[in-house]
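Got a predicted model here, sequence first, then my questions.
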Amino acid sequence: MNETQSYISPSPQGYYGRFGGAYIPEMLHRNVEELKTRYLEIMHEAEFQREYQQLLQDYVGRPTPLYFAGLLSRKYNTNLFLKREDLCHTGAHKINNTVGQILLALRLGKKRIIAETGAGQHGVATATVCALKGVECIVYMGEKDIERQAPNVARMKMLGAKVIPAVSGSKTLKDATNEAIRDWINNPSDTHYIIGSVVGPHPYPDMVARFQSIISKETRWQLKEKTGTELPTHVVACVGGGSNAAGAFYHFLDEPSVKIIAVEAAGYGIDSGMSAATTRLGKEGVLHGSRSLVMQTEDGQVTEPHSISAGLDYPGIGPMHAHLFESGRGQFLSATDEEALKASFEVAKLEGIIPALETGHAFAALDQLSLTMEDRVVLCLSGRGDKDLATYMKVMDA
Ligand SMILES: *Cc1c(COP(=O)(O)O)cnc(C)c1O
(Lines give C-alpha, C1' and ligand atoms only; values in the text may rest on other atoms or scores of the structure.)
Protein backbone atom coordinates (compact mmCIF):
# COMPACT_ATOMS: atom_id res chain seq x y z
CA MET A 1 0.00 0.00 0.00
CA ASN A 2 1.35 3.45 -0.79
CA GLU A 3 1.60 6.08 1.90
CA THR A 4 -1.04 8.45 0.61
CA GLN A 5 -3.69 5.76 0.86
CA SER A 6 -5.84 5.73 3.96
CA TYR A 7 -6.54 2.83 6.27
CA ILE A 8 -10.04 4.20 6.76
CA SER A 9 -11.74 4.09 3.38
CA PRO A 10 -11.92 1.11 1.05
CA SER A 11 -11.45 1.36 -2.73
CA PRO A 12 -14.56 2.10 -4.84
CA GLN A 13 -15.06 -1.67 -5.11
CA GLY A 14 -14.88 -2.03 -1.34
CA TYR A 15 -11.33 -3.33 -0.92
CA TYR A 16 -9.07 -2.72 2.05
CA GLY A 17 -5.81 -3.98 0.58
CA ARG A 18 -6.63 -7.51 -0.60
CA PHE A 19 -9.72 -7.81 1.58
CA GLY A 20 -13.34 -6.85 1.10
CA GLY A 21 -15.33 -6.67 -2.13
CA ALA A 22 -18.82 -8.03 -2.72
CA TYR A 23 -19.03 -11.79 -3.28
CA ILE A 24 -22.75 -12.27 -3.61
CA PRO A 25 -25.20 -14.49 -5.46
CA GLU A 26 -26.63 -12.98 -8.64
CA MET A 27 -30.02 -12.65 -6.95
CA LEU A 28 -28.69 -10.18 -4.39
CA HIS A 29 -27.01 -8.05 -6.99
CA ARG A 30 -29.78 -5.47 -7.31
CA ASN A 31 -30.11 -4.93 -3.53
CA VAL A 32 -26.41 -4.54 -2.96
CA GLU A 33 -25.92 -2.38 -6.04
CA GLU A 34 -28.75 -0.05 -4.94
CA LEU A 35 -27.15 0.31 -1.53
CA LYS A 36 -23.70 0.83 -3.01
CA THR A 37 -24.81 3.62 -5.32
CA ARG A 38 -26.98 5.41 -2.74
CA TYR A 39 -25.43 5.06 0.73
CA LEU A 40 -22.85 7.86 0.59
CA GLU A 41 -25.19 10.29 -1.13
CA ILE A 42 -27.89 9.64 1.51
CA MET A 43 -25.47 9.76 4.43
CA HIS A 44 -24.15 13.13 3.25
CA GLU A 45 -27.61 14.74 2.95
CA ALA A 46 -28.03 17.57 5.42
CA GLU A 47 -31.49 16.36 6.44
CA PHE A 48 -30.22 12.81 7.02
CA GLN A 49 -27.36 14.09 9.17
CA ARG A 50 -29.70 16.35 11.13
CA GLU A 51 -32.07 13.48 11.94
CA TYR A 52 -29.23 11.02 12.66
CA GLN A 53 -27.38 13.39 15.01
CA GLN A 54 -30.61 14.33 16.77
CA LEU A 55 -31.47 10.67 17.45
CA LEU A 56 -27.92 9.91 18.60
CA GLN A 57 -28.25 12.72 21.10
CA ASP A 58 -31.83 12.42 22.34
CA TYR A 59 -32.53 8.71 21.87
CA VAL A 60 -29.19 6.89 22.10
CA GLY A 61 -27.80 9.25 24.74
CA ARG A 62 -24.68 10.59 23.02
CA PRO A 63 -22.08 11.77 23.53
CA THR A 64 -21.19 8.86 25.79
CA PRO A 65 -18.70 9.82 28.53
CA LEU A 66 -14.97 9.30 28.27
CA TYR A 67 -14.26 8.19 31.82
CA PHE A 68 -10.85 8.29 33.49
CA ALA A 69 -10.65 4.97 35.36
CA GLY A 70 -8.51 5.88 38.36
CA LEU A 71 -8.13 2.55 40.12
CA LEU A 72 -7.58 0.53 36.96
CA SER A 73 -5.05 3.15 35.85
CA ARG A 74 -3.15 2.66 39.08
CA LYS A 75 -3.26 -1.11 38.71
CA TYR A 76 -1.87 -1.04 35.15
CA ASN A 77 0.51 1.85 35.84
CA THR A 78 -0.93 4.08 33.14
CA ASN A 79 -3.72 6.51 32.29
CA LEU A 80 -6.75 4.53 31.24
CA PHE A 81 -9.83 6.15 29.73
CA LEU A 82 -13.01 4.16 29.13
CA LYS A 83 -15.26 5.14 26.23
CA ARG A 84 -18.61 4.33 27.78
CA GLU A 85 -20.61 2.68 24.97
CA ASP A 86 -22.20 0.58 27.71
CA LEU A 87 -24.25 3.68 28.53
CA CYS A 88 -25.87 3.79 25.09
CA HIS A 89 -29.59 3.04 24.98
CA THR A 90 -29.97 -0.78 24.81
CA GLY A 91 -26.58 -1.25 26.50
CA ALA A 92 -23.98 -1.37 23.74
CA HIS A 93 -22.52 0.40 20.72
CA LYS A 94 -24.72 -1.53 18.28
CA ILE A 95 -27.47 1.09 18.24
CA ASN A 96 -25.17 3.71 16.66
CA ASN A 97 -25.34 1.60 13.53
CA THR A 98 -29.00 0.51 13.65
CA VAL A 99 -30.23 4.09 14.07
CA GLY A 100 -28.23 5.04 11.00
CA GLN A 101 -29.33 2.08 8.90
CA ILE A 102 -33.06 2.43 9.67
CA LEU A 103 -32.95 6.06 8.51
CA LEU A 104 -31.13 4.95 5.37
CA ALA A 105 -33.58 2.08 4.74
CA LEU A 106 -36.56 4.43 4.99
CA ARG A 107 -34.96 6.77 2.45
CA LEU A 108 -34.55 3.77 0.14
CA GLY A 109 -38.29 3.15 0.48
CA LYS A 110 -37.92 -0.15 2.38
CA LYS A 111 -40.84 -1.42 4.48
CA ARG A 112 -39.41 -4.52 6.12
CA ILE A 113 -36.22 -4.97 8.14
CA ILE A 114 -34.31 -8.21 8.68
CA ALA A 115 -31.27 -8.76 10.88
CA GLU A 116 -29.05 -11.49 12.28
CA THR A 117 -27.87 -11.55 15.86
CA GLY A 118 -25.41 -13.46 18.05
CA ALA A 119 -25.40 -12.06 21.57
CA GLY A 120 -28.84 -10.64 20.85
CA GLN A 121 -27.47 -7.12 21.26
CA HIS A 122 -27.74 -6.33 17.56
CA GLY A 123 -31.20 -7.91 17.46
CA VAL A 124 -32.34 -5.74 20.35
CA ALA A 125 -30.79 -2.64 18.79
CA THR A 126 -32.54 -3.42 15.49
CA ALA A 127 -35.90 -4.24 17.11
CA THR A 128 -35.62 -0.99 19.05
CA VAL A 129 -35.16 1.27 16.02
CA CYS A 130 -37.87 -0.63 14.11
CA ALA A 131 -40.28 0.06 16.99
CA LEU A 132 -39.15 3.69 16.98
CA LYS A 133 -39.96 4.01 13.28
CA GLY A 134 -42.92 1.62 13.11
CA VAL A 135 -41.29 -0.82 10.68
CA GLU A 136 -41.78 -4.62 10.54
CA CYS A 137 -38.77 -6.44 12.04
CA ILE A 138 -37.58 -10.04 11.64
CA VAL A 139 -34.50 -11.21 13.55
CA TYR A 140 -32.65 -14.47 12.79
CA MET A 141 -30.81 -15.98 15.73
CA GLY A 142 -28.99 -19.28 16.27
CA GLU A 143 -30.94 -21.72 18.42
CA LYS A 144 -28.00 -22.05 20.80
CA ASP A 145 -27.77 -18.28 21.20
CA ILE A 146 -31.52 -18.07 21.82
CA GLU A 147 -30.93 -20.33 24.83
CA ARG A 148 -27.91 -18.53 26.24
CA GLN A 149 -29.27 -15.02 25.68
CA ALA A 150 -32.88 -15.49 26.83
CA PRO A 151 -33.33 -11.97 28.27
CA ASN A 152 -32.42 -10.39 24.93
CA VAL A 153 -34.87 -12.67 23.12
CA ALA A 154 -37.60 -11.50 25.48
CA ARG A 155 -36.61 -7.88 24.83
CA MET A 156 -36.84 -8.31 21.06
CA LYS A 157 -40.28 -9.88 21.34
CA MET A 158 -41.49 -7.15 23.68
CA LEU A 159 -40.28 -4.59 21.14
CA GLY A 160 -42.47 -6.25 18.52
CA ALA A 161 -39.88 -8.18 16.52
CA LYS A 162 -40.32 -11.72 15.22
CA VAL A 163 -37.38 -13.93 16.29
CA ILE A 164 -36.71 -16.87 13.96
CA PRO A 165 -34.30 -19.60 15.17
CA ALA A 166 -31.47 -20.78 12.90
CA VAL A 167 -31.22 -24.52 13.44
CA SER A 168 -28.40 -25.48 11.06
CA GLY A 169 -24.65 -25.85 11.71
CA SER A 170 -23.45 -24.72 15.12
CA LYS A 171 -26.78 -22.90 15.64
CA THR A 172 -24.95 -19.64 16.32
CA LEU A 173 -24.22 -16.33 14.61
CA LYS A 174 -22.87 -17.55 11.28
CA ASP A 175 -25.92 -19.76 10.77
CA ALA A 176 -28.26 -16.89 11.61
CA THR A 177 -26.40 -14.81 9.03
CA ASN A 178 -26.96 -17.50 6.39
CA GLU A 179 -30.70 -17.47 7.13
CA ALA A 180 -30.88 -13.68 6.89
CA ILE A 181 -29.12 -13.74 3.51
CA ARG A 182 -31.61 -16.36 2.31
CA ASP A 183 -34.52 -14.14 3.40
CA TRP A 184 -33.04 -11.13 1.57
CA ILE A 185 -32.73 -13.15 -1.63
CA ASN A 186 -36.41 -14.07 -1.37
CA ASN A 187 -37.53 -10.49 -0.61
CA PRO A 188 -35.34 -8.29 -2.76
CA SER A 189 -37.40 -5.15 -3.25
CA ASP A 190 -39.15 -4.22 0.01
CA THR A 191 -36.57 -5.46 2.55
CA HIS A 192 -33.42 -3.94 4.00
CA TYR A 193 -30.94 -6.20 5.75
CA ILE A 194 -29.35 -4.45 8.75
CA ILE A 195 -25.97 -6.12 9.24
CA GLY A 196 -24.67 -5.59 12.76
CA SER A 197 -20.92 -5.48 12.25
CA VAL A 198 -18.27 -4.37 9.74
CA VAL A 199 -18.75 -7.58 7.75
CA GLY A 200 -20.75 -8.57 4.67
CA PRO A 201 -20.45 -7.41 1.07
CA HIS A 202 -19.37 -3.87 0.20
CA PRO A 203 -20.75 -1.33 1.12
CA TYR A 204 -21.68 -2.79 4.54
CA PRO A 205 -18.22 -2.74 6.15
CA ASP A 206 -17.68 0.90 5.17
CA MET A 207 -21.24 1.95 5.99
CA VAL A 208 -21.19 0.35 9.45
CA ALA A 209 -17.71 1.74 10.18
CA ARG A 210 -18.93 5.23 9.27
CA PHE A 211 -21.95 4.91 11.58
CA GLN A 212 -19.74 3.65 14.42
CA SER A 213 -17.04 6.25 13.80
CA ILE A 214 -18.93 8.61 16.12
CA ILE A 215 -17.08 6.72 18.91
CA SER A 216 -13.61 7.98 17.93
CA LYS A 217 -14.93 11.35 16.74
CA GLU A 218 -16.16 12.05 20.28
CA THR A 219 -13.07 10.49 21.85
CA ARG A 220 -10.80 13.03 20.12
CA TRP A 221 -12.43 16.15 21.58
CA GLN A 222 -13.14 14.48 24.91
CA LEU A 223 -9.51 13.44 25.34
CA LYS A 224 -8.42 16.95 24.36
CA GLU A 225 -10.68 18.38 27.08
CA LYS A 226 -9.25 16.00 29.67
CA THR A 227 -5.56 15.86 28.76
CA GLY A 228 -4.92 18.77 26.41
CA THR A 229 -4.17 16.43 23.50
CA GLU A 230 -6.53 14.74 21.06
CA LEU A 231 -4.43 11.68 20.47
CA PRO A 232 -4.22 8.66 22.74
CA THR A 233 -1.09 6.51 22.66
CA HIS A 234 -3.18 3.30 22.45
CA VAL A 235 -6.75 2.49 21.47
CA VAL A 236 -7.91 -0.94 22.62
CA ALA A 237 -11.09 -2.74 21.56
CA CYS A 238 -12.43 -6.28 21.36
CA VAL A 239 -13.17 -7.71 17.91
CA GLY A 240 -16.01 -10.01 16.99
CA GLY A 241 -16.84 -8.84 13.49
CA GLY A 242 -15.12 -5.61 14.44
CA SER A 243 -17.67 -2.80 14.58
CA ASN A 244 -16.94 -1.31 18.00
CA ALA A 245 -13.24 -1.59 17.18
CA ALA A 246 -13.73 0.05 13.77
CA GLY A 247 -15.62 2.89 15.42
CA ALA A 248 -13.08 3.33 18.21
CA PHE A 249 -10.11 3.19 15.79
CA TYR A 250 -11.61 5.15 12.87
CA HIS A 251 -10.40 8.72 13.45
CA PHE A 252 -7.03 7.45 14.70
CA LEU A 253 -6.17 5.03 11.89
CA ASP A 254 -4.30 7.64 9.86
CA GLU A 255 -2.45 8.95 12.94
CA PRO A 256 0.70 6.81 12.94
CA SER A 257 1.55 7.65 16.56
CA VAL A 258 -1.61 5.97 17.85
CA LYS A 259 -1.18 2.24 18.54
CA ILE A 260 -4.19 0.25 17.37
CA ILE A 261 -4.85 -2.80 19.57
CA ALA A 262 -7.53 -5.34 18.60
CA VAL A 263 -8.38 -8.19 20.97
CA GLU A 264 -9.86 -11.46 19.77
CA ALA A 265 -11.47 -14.28 21.73
CA ALA A 266 -9.12 -17.21 22.31
CA GLY A 267 -11.86 -19.32 23.91
CA TYR A 268 -10.25 -22.26 25.76
CA GLY A 269 -6.88 -21.27 24.22
CA ILE A 270 -5.60 -20.57 20.70
CA ASP A 271 -4.60 -24.18 20.00
CA SER A 272 -7.42 -25.84 21.91
CA GLY A 273 -9.70 -26.28 18.90
CA MET A 274 -12.23 -24.18 20.84
CA SER A 275 -11.40 -20.61 19.91
CA ALA A 276 -12.48 -17.63 17.83
CA ALA A 277 -9.07 -15.98 17.32
CA THR A 278 -9.44 -15.40 13.59
CA THR A 279 -6.15 -13.65 12.80
CA ARG A 280 -4.21 -16.38 14.59
CA LEU A 281 -6.08 -19.32 13.06
CA GLY A 282 -7.72 -18.01 9.91
CA LYS A 283 -6.71 -18.07 6.27
CA GLU A 284 -7.85 -15.93 3.38
CA GLY A 285 -11.33 -16.87 2.24
CA VAL A 286 -14.80 -15.61 1.45
CA LEU A 287 -17.39 -15.50 4.21
CA HIS A 288 -20.78 -13.78 4.12
CA GLY A 289 -20.05 -11.75 1.04
CA SER A 290 -16.52 -10.47 1.50
CA ARG A 291 -12.93 -11.66 1.18
CA SER A 292 -11.27 -11.68 4.57
CA LEU A 293 -9.55 -13.92 7.07
CA VAL A 294 -11.72 -16.89 7.92
CA MET A 295 -11.26 -19.85 10.27
CA GLN A 296 -11.49 -22.88 8.00
CA THR A 297 -10.33 -26.43 7.47
CA GLU A 298 -7.72 -27.47 4.87
CA ASP A 299 -10.44 -27.89 2.25
CA GLY A 300 -12.12 -24.57 3.02
CA GLN A 301 -14.99 -25.61 5.31
CA VAL A 302 -15.71 -22.86 7.84
CA THR A 303 -14.66 -24.00 11.33
CA GLU A 304 -17.05 -23.80 14.29
CA PRO A 305 -15.70 -21.06 16.52
CA HIS A 306 -15.95 -20.95 20.29
CA SER A 307 -16.06 -18.06 22.71
CA ILE A 308 -17.74 -17.66 26.08
CA SER A 309 -19.17 -14.42 24.73
CA ALA A 310 -21.76 -14.82 22.00
CA GLY A 311 -20.75 -11.48 20.46
CA LEU A 312 -17.23 -12.71 19.69
CA ASP A 313 -18.26 -16.22 18.63
CA TYR A 314 -17.69 -15.63 14.90
CA PRO A 315 -15.21 -17.40 12.55
CA GLY A 316 -14.24 -14.27 10.61
CA ILE A 317 -13.41 -10.58 10.98
CA GLY A 318 -14.32 -7.60 8.86
CA PRO A 319 -12.06 -6.83 5.88
CA MET A 320 -10.84 -3.55 7.41
CA HIS A 321 -9.42 -5.54 10.32
CA ALA A 322 -7.91 -8.23 8.10
CA HIS A 323 -6.05 -5.41 6.36
CA LEU A 324 -5.00 -3.76 9.63
CA PHE A 325 -3.62 -7.14 10.67
CA GLU A 326 -1.80 -7.92 7.42
CA SER A 327 -0.34 -4.45 6.99
CA GLY A 328 0.85 -4.43 10.59
CA ARG A 329 -1.05 -1.17 11.30
CA GLY A 330 -3.01 -2.99 14.02
CA GLN A 331 -1.64 -5.23 16.75
CA PHE A 332 -3.86 -8.26 17.33
CA LEU A 333 -3.95 -9.85 20.78
CA SER A 334 -6.25 -12.43 22.28
CA ALA A 335 -7.75 -13.35 25.62
CA THR A 336 -9.19 -16.67 26.76
CA ASP A 337 -12.65 -17.20 28.26
CA GLU A 338 -11.07 -17.44 31.68
CA GLU A 339 -8.95 -14.29 31.30
CA ALA A 340 -11.98 -12.33 30.08
CA LEU A 341 -14.06 -13.50 33.03
CA LYS A 342 -11.33 -12.57 35.49
CA ALA A 343 -10.96 -9.13 33.92
CA SER A 344 -14.72 -8.48 34.02
CA PHE A 345 -14.82 -9.26 37.74
CA GLU A 346 -11.84 -7.02 38.34
CA VAL A 347 -13.43 -4.08 36.49
CA ALA A 348 -16.66 -4.55 38.45
CA LYS A 349 -14.82 -4.48 41.79
CA LEU A 350 -12.38 -1.68 40.99
CA GLU A 351 -14.57 0.70 39.01
CA GLY A 352 -18.17 -0.23 39.82
CA ILE A 353 -18.85 -1.06 36.18
CA ILE A 354 -20.03 -4.53 35.13
CA PRO A 355 -18.84 -4.87 31.53
CA ALA A 356 -20.11 -7.18 28.82
CA LEU A 357 -18.07 -10.37 28.53
CA GLU A 358 -16.99 -9.23 25.07
CA THR A 359 -15.42 -6.12 26.61
CA GLY A 360 -13.84 -8.31 29.31
CA HIS A 361 -11.54 -9.55 26.54
CA ALA A 362 -10.33 -6.01 25.83
CA PHE A 363 -9.64 -5.45 29.52
CA ALA A 364 -7.79 -8.76 29.75
CA ALA A 365 -5.34 -7.59 27.08
CA LEU A 366 -4.13 -4.64 29.20
CA ASP A 367 -1.86 -7.11 30.96
CA GLN A 368 -0.14 -7.90 27.65
CA LEU A 369 0.83 -4.28 26.87
CA SER A 370 3.87 -2.63 28.40
CA LEU A 371 2.20 0.54 29.61
CA THR A 372 3.74 3.51 31.37
CA MET A 373 2.53 6.61 33.18
CA GLU A 374 3.27 8.58 30.00
CA ASP A 375 0.62 6.65 28.06
CA ARG A 376 -2.97 7.65 27.42
CA VAL A 377 -4.91 4.45 26.76
CA VAL A 378 -8.47 4.57 25.45
CA LEU A 379 -10.43 1.33 25.82
CA CYS A 380 -13.79 0.97 24.12
CA LEU A 381 -16.18 -0.30 26.77
CA SER A 382 -18.46 -1.78 24.12
CA GLY A 383 -21.34 -2.88 26.33
CA ARG A 384 -22.74 -3.55 29.77
CA GLY A 385 -22.81 -6.94 31.45
CA ASP A 386 -26.48 -7.30 32.36
CA LYS A 387 -27.00 -9.77 29.51
CA ASP A 388 -24.11 -11.91 30.83
CA LEU A 389 -25.32 -12.12 34.39
CA ALA A 390 -26.23 -15.82 34.11
CA THR A 391 -22.62 -16.60 33.10
CA TYR A 392 -21.19 -14.40 35.86
CA MET A 393 -23.49 -16.10 38.38
CA LYS A 394 -22.20 -19.53 37.39
CA VAL A 395 -18.64 -18.36 38.07
CA MET A 396 -19.56 -17.02 41.51
CA ASP A 397 -21.38 -20.25 42.42
CA ALA A 398 -18.44 -22.42 41.34
C1 LIG B 1 -21.75 -7.46 19.51
C2 LIG B 1 -20.83 -7.01 20.54
C3 LIG B 1 -19.44 -7.05 20.34
C4 LIG B 1 -18.80 -7.63 19.11
O5 LIG B 1 -19.18 -7.04 17.90
P6 LIG B 1 -18.22 -6.07 17.11
O7 LIG B 1 -18.90 -5.87 15.81
O8 LIG B 1 -16.90 -6.75 16.99
O9 LIG B 1 -18.13 -4.82 17.89
C10 LIG B 1 -18.63 -6.54 21.33
N11 LIG B 1 -19.14 -6.06 22.48
C12 LIG B 1 -20.46 -6.03 22.72
C13 LIG B 1 -20.96 -5.49 24.01
C14 LIG B 1 -21.35 -6.50 21.76
O15 LIG B 1 -22.66 -6.47 21.99
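Received it, and whenever you're ready, just let me know what you need.

can we go C-alpha only for contacts and neighbour counts from here?
Fine.

The stretch 151-300 of the chain: strands as residue ranges?
Using DSSP state E, counting those that start in this stretch, the strands of the stretch 151-300 of the chain run over residues 162-166, 191-194, 234-238, 259-269, 274-276, 283-287, 290-294.

Residue 323 is nearest to which of the ones you listed?
The minimum distance between residue 323 and the strands of the stretch 151-300 of the chain falls on strand 290-294, with 8.3 Å, by C-alpha to C-alpha.

Could you list every helix and strand in contact with the closest one?
Under the contact criterion of 3 or more C-alpha pairs under 8 Å, 6 or more residues apart in numbering; DSSP states H and E, the helices and strands touching strand 290-294 comprise strand 19-20, helix 278-281, strand 283-287, helix 319-327.

Buried residues, it. List them.
290, 291, 292, 293, 294 (16 or more other C-alpha atoms under 10 Å).

pLDDT on that strand, on average?
Mean per-residue pLDDT for strand 290-294: 97.

what do you get for stretch 32-45?
Looking at stretch 32-45 alone, the average pLDDT works out to 97.

Show me the one of the strands of the stretch 151-300 of the chain that comes nearest the ligand.
With C-alpha to the nearest ligand atom as the criterion, the ligand lies closest to strand 234-238 of these, at 6.2 Å.

Show me what that closest one is in contact with.
Contact partners of strand 234-238, identified using C-alpha atoms under 8 Å, 6 or more residues apart in numbering, comprise 244-245, 248-249, 258-264, 358-359, 361-362, 375-382.

Model confidence at residue 170, what's the number?
According to the predicted model, the pLDDT of residue 170 comes to 82.

Quick one: neighbours of residue 394, just the number.
A count of neighbours around residue 394, defined by other C-alpha atoms under 10 Å, yields 9.

again, but for residue 357
Taking other C-alpha under 10 Å as the criterion, the count of residues near residue 357 is 33.

who touches the closest residue to it other than its chain neighbours in this structure?
What sits nearest to residue 357 in space, not counting adjacent residues and going by C-alpha to C-alpha, 6 or more residues apart in numbering, is residue 309, at 5.7 Å. Residues in contact with residue 309 (C-alpha under 8 Å, 6+ apart) are 119, 337, 357, 358.

Would you format the strands of the stretch 151-300 of the chain as JSON lines with distance to residue 58 included?
Putting these into JSON lines (distance: least, C-alpha to C-alpha, whole Å) gives the following:
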{"stretch": "strand 162-166", "distance to residue 58": "27"}
{"stretch": "strand 191-194", "distance to residue 58": "22"}
{"stretch": "strand 234-238", "distance to residue 58": "26"}
{"stretch": "strand 259-269", "distance to residue 58": "30"}
{"stretch": "strand 274-276", "distance to residue 58": "36"}
{"stretch": "strand 283-287", "distance to residue 58": "36"}
{"stretch": "strand 290-294", "distance to residue 58": "35"}
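
Look up which helix or strand residue 374 falls in, please.
Element membership for residue 374 (DSSP states H and E) is empty, with no helix or strand holding it.

One more: the one 5 residues further on?
Residue 379 is located in strand 376-381, with elements delineated by DSSP H and E.

Can you pull the residues of the protein lying near the ligand?
If contacts are counted using C-alpha under 6 Å from any ligand atom, the residues of the chain sitting beside the ligand are 92, 121, 197, 239-245, 311-312, 356, 358-359, 382-383.

Counting only helices, which of those residues make the cut?
Among the residues of the chain next to the ligand, the residues falling in helices (DSSP state H) are 121, 243, 244, 245, 358, 359.

Between those, which sits nearest residue 214?
Comparing every one of those with residue 214 (C-alpha to C-alpha), the shortest separation belongs to residue 244, at 10.3 Å.

Contacts only, for the closest one.
Each residue near residue 244 by C-alpha under 8 Å, 6+ apart is listed here: 93, 94, 212, 237, 238, 380, 382.

The fourth one and residue 265: what is the separation?
Taking C-alpha to C-alpha, to the nearest Å as the measure, residue 237 falls 12 Å from residue 265.
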